[in-house]
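Chemist: Below is the sequence, then the predicted model.
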Amino acid sequence: MASLLLSVRIVIQKIQSELNFESWSRHPQFSTRMGLGRVGLIGTILGILWSFHFFAGLALWSCRSGIISINLVNHFFTQERQFMIIQWCFYISSICLFHLFEFF
C-alpha cells in the first residue's frame, strides 16, 4: 500500500511540475508568471474547455427541451442523468468563464 501511495505521489508531483511550467523556464515566453506564452496557453485551454462544455450543455438542453432530436442521447441517458450532465456542463462553463474574465 505504501508503494502505491508513493507512486501516486510521484505522478502527482510530475503533473504539478508541468502545470507550474518548471521545465519551460529556458523559453522566454514561459520564464515569468505573466509571460505571454503562459497567458496564451492557459487562455487557449480555458477557451477550448469552455466552448466544448457550453455547446455540449446547450445541445443536451435543446434535446431535453424538445427543440432538437438526438436519438443517441435519449437512448444512452435517462432524463435524470441528462439533467445532471447539463448541470455539469454549465458548471464547468461558468468556472472557465470566471477564469477567462480574470485576464481582463
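Modeler: Yep, that arrived. Note that the structure is predicted; figures quoted are calculated from it, not measured.
Chemist: Only C-alpha atoms from now on, for both contacts and neighbour counts.
Modeler: Will do.
Chemist: Flag the shaky bits of this protein, pLDDT-wise.
Modeler: Scanning the chain with the threshold set as pLDDT under 70 gives 104.
Chemist: Which residue lies nearest the spatial centre of it?
Modeler: When the chain is reduced to its mean C-alpha position, the closest residue under C-alpha atoms, centre = their mean turns out to be residue 49, at 4.4 Å.
Chemist: what's the spacing between that residue and residue 30?
Modeler: 22 Å (C-alpha to C-alpha, to the nearest Å).
Chemist: picking that back up, list the contacts of the residue nearest to the centre of the chain.
Modeler: Listed by C-alpha atoms under 8 Å, 6 or more residues apart in numbering, the contact set of residue 49 reads 92-93, 96.
Chemist: what's in contact with stretch 19-36?
Modeler: Counting by C-alpha under 8 Å, 6+ apart, 17, 37-38 sit against stretch 19-36.
Chemist: Span of that stretch from start to end?
Modeler: 16 Å.
Chemist: just how off-centre is that stretch within its chain?
Modeler: Mean C-alpha position of stretch 19-36 versus that of the full chain (C-alpha atoms, centre = their mean, to the nearest Å) differs by 21 Å.
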